[in-house]
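# Fold the following for me, if possible:
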Amino acid sequence: MAQSSTTILFVTAECAPLVKTGGLGDVAGSLPGALLRHAIDVRILLPGYRSVLSSVKTARELARFAATEHFPACRVLEGGTVHGVPLMLVDCPVLYDRDGGPYQDAQGLDWPDNALRFGLLCKVAADIAGRDSPLGWRPRLIHCNDWQTGLVPAYLRFGAPTGAPTGVRTVFTIHNLAYQGLFPASAVADLGLPPESFGMQGLEYHGQLSFLKAGLFYADAITTVSPTYAREIQAEPMGMGMQGLLSERKAVLSGILNGIDLDTWNPVSDAHIPRHYDAASLVLKADNKRALQQRFGLTGGRDIPLFATICRLAHQKGMDLILAIADALLALPAQLVVCGTGDPALAEALQALGRQHPDKVGVFIGYDEQLAHLIEAGADVFLMPSRFEPCGMNQMYSQRYGTVPIVHATGGLADSVTDATPEALHAGLATGFVFTPGTSEALLEAVLRAVSVFRNPQAWSAIQAAGMRADFSWTASAARYADIYRQLGVCDV
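Sure, this is the predicted structure:
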């Protein structure tokens with residue numbers, strides 16, 4: 001890596017491919033690598049979960065932190081690289097060496113000590129930036145991501161235990177404002193933060209400690225993952241109670257649309273799909289559709305539109321809207337494939353639909369990476385009726401694979417899909433179907449519009465080709481982040 005005076009510590013609770021529950025993991029696995037191309041010396045700091053340490057081939061100790069009144073002892077390990085970016089892991093077995101996921105146990109219950117688990121991640125990040133940092137490398141800026149890292153700016157504000165930092169700036173990125181890291185007020189003292197930090201002008205949110213609010217209040221700059229979402233969260237209902245603070249700080253709030261990993265999601269070279277293709281050989285996409293139909297025992301040929309979705313089964317994602325129109329959709333005729341996990345009631349409703357229509361509906365409860373790629377390559381239409389969606393990535397994956405998205409006009413969905421209006425179709429700019437409001441009636445109307453165009457192969461191919469031409473790389477987004485670093489005085493290039 002070329003030497004750079006721009007040193008940035010990217011702190012995150014997830015990082016694909018090591019650990020991922022959603023879009024945060026994808027961003028953390030891709031954006032730092034894109035920043036390297038801007039001559040930025042960036043390093044990732046991630047908790048040393050059991051699953052992560054087991055997948056890291058070699059780990060070398062970089063520093064030790066002794067136990068304190070508030071935190072157990074831990075080490076910082078060098079854990080190789082992610083897309084060329086050095087990875088550092090906070091190794092603390094008492095907090096991270098567990099079965100289950102990064103936030104919940106195997107039964108889906110939040111770890112009761114999550115405040116301490118992610119408080120330690122924040123504290124170590126602040127210590128690394130301190131005057132007495134045990135590392136030879138010291139960041140000029142810490143890029144924080146979601147509530148799990150929200151205390152970093154607070155620790156910097158009130159002085160990290162190993163020495164108050166000098167001139168260290170912070171960027172806080174909101175990936176999903178709905179998750180706010182709320183804990184009892186007693187956690188303030190437990191985490192070594194001073195009483196004066198707990199107030200309306202600080203960490204307090206309706207009598208609780210909010211990791212998220214700490215990041216929003218104390219960071220030098222705030223970003224979120226799409227321009228539309230940046231506007232939406234400054235008002236109800238998308239502001240999730242934080243709209244007043246975000247509106248006050250709008251001068252330092254930016255919306256930057258996420259990119260995607262173009263190497264991982266590439267129909268020309270995807271190892272997970274049976275037939276490779278590109279925009280010039282879209283006819284070969286039908287082989288992937290056939291494989292997807294066979295996977296779920298769906299009957300019918302390529303002329304029946306195959307709708308699909310991959311999502312968390314939650315109210316936010318609008319799965320209930322899909323269920324509400326399922327009978328009308330299947331009667332077109334059409335087929336439906338769903339891959340997801342989450343709300344047990346939604347999962348059971350989907351499985352019941354599959355039992356009722358075994359030749360038309362395929363349901364997989366869980367997540368399977370190979371199936372996710374096959375769905376993107378094999379479906380004709382991808383459904384994303386999310387009530388809100390900070391950015392979303394599947395609508396971008398879909399366009400890259402010539403799978404036409406139907407999306408609700410919210411957040412990053414509105415920013416990344418061009419509706420197939422007559423004007424957009426005529427101009428060759430349409431890449432999908434956008435509907436509003438977020439109701440089942442509006443979703444069904446969009447489905448009917450899509451099926452009408454699907455029955456016109458020439459028009460449908462034009463939409464596919466326009467989506468496949470779209471640039472969803474991290475190039476432009478990484479440049480925007482570099483601009484923000486530069487505005488904060490830490491980026492010299």
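# Can you pull the poorly scored residue ranges out of the protein?
1-4, 160-166, 491-493 (pLDDT under 70).
# if you set the cut-off to 50 instead, what comes out?
1-2, 160-165 (pLDDT under 50).
# Which parts of it belong to which domain?
Following automatic domain parsing, the chain resolves into domains at 7-259+474-487, 279-469.
# Which one of those lies nearest to residue 265?
domain 279-469 (4.9 Å; CB to CB). Every C-beta, even on glycine, is put in place using the N, C-alpha and C of the backbone.
# from the chain's centre, how far out does that closest one sit?
The chain centre lies 19 Å from the centre of domain 279-469; the measure is CA atoms, centre = their mean, to the nearest Å.
# got it, and stretch 240-252?
Worked out by CA atoms, centre = their mean, stretch 240-252 lies 21 Å from the chain centre.
# Endpoints of it, how far apart?
19 Å (CA to CA, to the nearest Å).
# quick one: residue 239 and residue 246 touch, right?
Yes: between residue 239 and residue 246 there is a contact at 6.2 Å, judged by CB atoms under 8 Å.
# more crowded one of the two?
Using other CB atoms under 10 Å, the more surrounded residue of residue 239 and residue 246 is residue 246, with 22 against 16.
# in what helix or strand does the more buried one lie?
helix 243-248 (DSSP states H and E).
# How about residue 382?
Residue 382 belongs to strand 381-384, assigned by DSSP H and E.
# And residue 9, by the same measure?
Judged by DSSP H and E, residue 9 forms part of strand 7-11.
# In terms of secondary structure, what does that strand contact?
helix 23-36, strand 41-47, helix 114-128, strand 141-145 (3 or more CB pairs under 8 Å, 6 or more residues apart in numbering; DSSP states H and E).
# quick one, helices of the stretch 301-450 of the chain?
319-330, 344-356, 369-378, 394-400, 411-416, 422-427, 440-454 (DSSP state H, counting those that start in this stretch).
# Could you dump those into a markdown table with mean neighbour count and distance to residue 387 added?
Formatted as a markdown table, the helices of the stretch 301-450 of the chain follow (neighbours: other CB atoms under 10 Å; distance: least, CB to CB, whole Å):
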| stretch | mean neighbour count | distance to residue 387 |
| --- | --- | --- |
| helix 319-330 | 19 | 8 |
| helix 344-356 | 16 | 14 |
| helix 369-378 | 22 | 22 |
| helix 394-400 | 26 | 15 |
| helix 411-416 | 25 | 10 |
| helix 422-427 | 12 | 24 |
| helix 440-454 | 18 | 11 |
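# now the ones you listed as a markdown table including distance to residue 225?
Output for those, formatted as a markdown table (distance: least, CB to CB, whole Å):
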| stretch | distance to residue 225 |
| --- | --- |
| helix 319-330 | 21 |
| helix 344-356 | 25 |
| helix 369-378 | 20 |
| helix 394-400 | 12 |
| helix 411-416 | 6 |
| helix 422-427 | 24 |
| helix 440-454 | 23 |
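# and of those, who's closest to residue 21?
helix 369-378 (13.2 Å).
# For the closest one, give me every contacting residue.
For helix 369-378, the surrounding residues in contact (CB atoms under 8 Å, 6 or more residues apart in numbering) are 265, 267, 270, 272-275, 285, 288-293, 295, 306, 308, 310, 337, 339, 364, 382, 394, 397-398, 400-401, 403.
# Mark which of the residues you listed are buried, thanks.
265, 267, 270, 273, 275, 285, 288-290, 292-293, 306, 308, 310, 337, 339, 364, 382, 394, 397-398, 400-401, 403 (16 or more other CB atoms under 10 Å).
# From the chain's centre, how far out is the strand or helix carrying residue 94? Work that out for me.
Here residue 94 sits within helix 93-96, counting by DSSP H and E. Counting by CA atoms, centre = their mean, helix 93-96 is centred 25 Å from the centre of its parent chain.
# Just the CA coordinates for it, please, in PDB.
Provided in PDB are the C-alpha atoms of helix 93-96 (Å, rounded to 0.1, in the frame of the first residue of the first chain):
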ATOM      1  CA  PRO A  93     -13.200 -13.900  24.300                       C
ATOM      2  CA  VAL A  94     -15.400 -13.100  27.300                       C
ATOM      3  CA  LEU A  95     -17.500 -10.800  25.100                       C
ATOM      4  CA  TYR A  96     -17.200 -12.200  21.500                       C
END
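# tell me which residues of that helix are tucked away?
Of the residues in helix 93-96, those buried (16+ other CB under 10 Å) are 95-96.
# got it, and stretch 357-365?
So for stretch 357-365, counting by 16+ other CB under 10 Å, buried means 357, 360-365.
# Between its first and last residues, how far does that stretch reach?
17 Å.
# same check, this time on stretch 121-139
16 Å.
# what does stretch 356-375 give?
21 Å.
# for stretch 231-238, same thing?
First-to-last residue span, stretch 231-238, CA to CA: 9 Å.
# Please identify the buried residues of it?
Buried, per 16+ other CB under 10 Å, within stretch 231-238: 232-234, 238.
# Ok, stretch 115-129 next?
Neighbour-count burial for stretch 115-129 [16+ other CB under 10 Å]: 115-129.
# what about the helices and strands packed on strand 7-11, which gets the closest to residue 468?
Across the helices and strands packed on strand 7-11, closest to residue 468 is helix 23-36 (CB to CB), at 19.5 Å.
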